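>>> need coordinates for the following:
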Amino acid sequence: MNIKPEILVITEIPQPMIDTLERHFVVHKYWQQDAETQLRDHAPTIRGALTRAAKGISTSLIEQLPALEVISGFGVGVDATDLDTCRRRGIHVSNTPNVLNECVADTGLALMLAVTRKICEADRFARAGEWEKAVFPGAWKMSGKRCGIVGMGNIGHDVAQRAAAFNMPIHYFSPQEARNSTWQRHDSLVALAKAVDFLVLTLPGGAKTHHVISRDVLEALGPDGILVNIARGSVVDTEALIAVLQEGKLRGAGLDVFEQEPHIPPALRDVQNVVLLPHIASNTAETRQAMADLTINNLVSYFNDGKLLTPVV
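Numbering: from 1, shown residues only. Just a heads-up that it's a prediction; the model follows:
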């Protein structure tokens, strides 16, 4: 008789994912109230873990799992998991790249349009019955404006291709060259910010990119500039962003991610020229299903064949 490997699911996930996992594994649900009891009783035999990538798995929890062999992340980012500890322990790590690129890029364009055309402000205006009393103030055109992208990976390329369809010249800052040689590369974030109207963030999170979007970068973007973040909240200095918005030194911002999410600072919520989303860039039925399938298949492949489909470590 085959004994199912035991895995620990760190964060709450949809029941259909649990149902599928239970066909292959003994599943322990760490988000439930008896988490510590589960850990005490089963830690020595847990060989795999599954977590939402934005949540990751803490170093202390990794250290409490002596038999841990593999971590499967539901999402792209791996900055919330201590990869150095995983390398030291020989723990394999995977994520779900590429399957969410299109939806994240779509959200980036949606935020660009929402801020320039004041979509959310106009919705509030119409719902409040203000249209019967006054004309809604004008917005701004997006087509033809200059689009700057920070991080020219797969999502950055998808954003650029969509922006190019709006006749937007493409500028970027990235360690790697873009696949399109006509897009203009800049040698610093400040230089990029000075050259564009939109600054779209698609770079990874982590210590190396913490607060790289500083006050200097935001002020270089200027009072007609718009910031769009579909990357990680940690890449932006939130206090600096709030300050430049309050001081009128930025036209607006569209944010899907935040430093302390789900908490959004009240001062940021109070700024009317900011569009706020609850980290939903990849949250479509089609993409979430593809992510769920890949997250589970990484674990199944590892325990059946010893290989991850999308290895990070």
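>>> how many neighbouring residues does residue 134 have?
By the measure other CB atoms under 10 Å, the count of residues near residue 134 is 8. Every C-beta, even on glycine, is put in place using the N, C-alpha and C of the backbone.
>>> cool, residue 253 as well?
Around residue 253 there are 26 residues (other CB under 10 Å).
>>> and what about it, helix, strand or coil?
Using DSSP: H, G, I helix; E, B strand; the rest coil, the secondary structure recorded for residue 253 is strand.
>>> any idea what it is bridged to?
Taking DSSP bridges as the rule, residue 253 bridges to residue 227, residue 274.
>>> where do the helices sit along this protein?
15-24, 35-42, 59-63, 83-89, 101-116, 119-127, 154-164, 189-195, 215-221, 238-246, 266-269, 285-305 (DSSP state H).
>>> nearest to residue 209, of those helices?
Evaluated with CB to CB, the helices of the chain place helix 189-195 nearest to residue 209, the distance being 10.5 Å.
>>> convert the C-alpha atoms of the closest one to PDB, please.
Only the C-alpha atoms of helix 189-195 are listed here, as PDB (Å, rounded to 0.1, in the frame of the first residue of the first chain):
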ATOM      1  CA  LEU A 189      15.300  54.900 -12.300                       C
ATOM      2  CA  VAL A 190      15.500  58.700 -12.000                       C
ATOM      3  CA  ALA A 191      16.400  59.000 -15.600                       C
ATOM      4  CA  LEU A 192      13.500  56.700 -16.600                       C
ATOM      5  CA  ALA A 193      11.100  58.600 -14.400                       C
ATOM      6  CA  LYS A 194      12.100  62.000 -15.900                       C
ATOM      7  CA  ALA A 195      11.500  60.600 -19.400                       C
END
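>>> picking up where we left off before, who wins for proximity to residue 178 among the helices of the chain?
helix 154-164 (6.9 Å).
>>> now do the buried residues in that closest one.
154-160, 162-163 (16 or more other CB atoms under 10 Å).
>>> give me every residue that touches the residue nearest to residue 186 when sequence neighbours are not counted.
Nearest non-adjacent residue to residue 186, counting by CB to CB, 6 or more residues apart in numbering: residue 192, 4.1 Å away. Neighbouring residues of residue 192 by CB atoms under 8 Å, 6 or more residues apart in numbering: 148, 150, 171-173, 186, 199.
>>> make CSV out of the helices of the chain and add distance to residue 73 and mean pLDDT.
Output for the helices of the chain, formatted as CSV (distance: least, CB to CB, whole Å; pLDDT from 0 to 100):
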stretch, distance to residue 73, mean pLDDT
helix 15-24, 13, 97
helix 35-42, 19, 87
helix 59-63, 13, 96
helix 83-89, 11, 96
helix 101-116, 15, 98
helix 119-127, 31, 97
helix 154-164, 16, 98
helix 189-195, 27, 98
helix 215-221, 29, 98
helix 238-246, 24, 98
helix 266-269, 27, 97
helix 285-305, 7, 97
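>>> pipe these into CSV and attach distance to residue 260 per row.
Shown next, in CSV, are the helices of the chain (distance: least, CB to CB, whole Å):
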stretch, distance to residue 260
helix 15-24, 26
helix 35-42, 22
helix 59-63, 19
helix 83-89, 22
helix 101-116, 20
helix 119-127, 22
helix 154-164, 23
helix 189-195, 23
helix 215-221, 19
helix 238-246, 8
helix 266-269, 11
helix 285-305, 24
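>>> which among those helices is found nearest to residue 207?
Nearest to residue 207, of the helices of the chain and by CB to CB, is helix 83-89 at 10.6 Å.
>>> max pairwise distance over the contacts of residue 192: which two?
186 and 199, at 11.2 Å, using CB to CB across those.
>>> what is the neighbour count of residue 127?
Residue 127, neighbours per other CB under 10 Å, totals 9.
>>> measure it to residue 96 for me?
37 Å (CB to CB, to the nearest Å).
>>> equivalent analysis for residue 87, please.
The gap separating residue 87 from residue 96 is 20 Å, by CB to CB.
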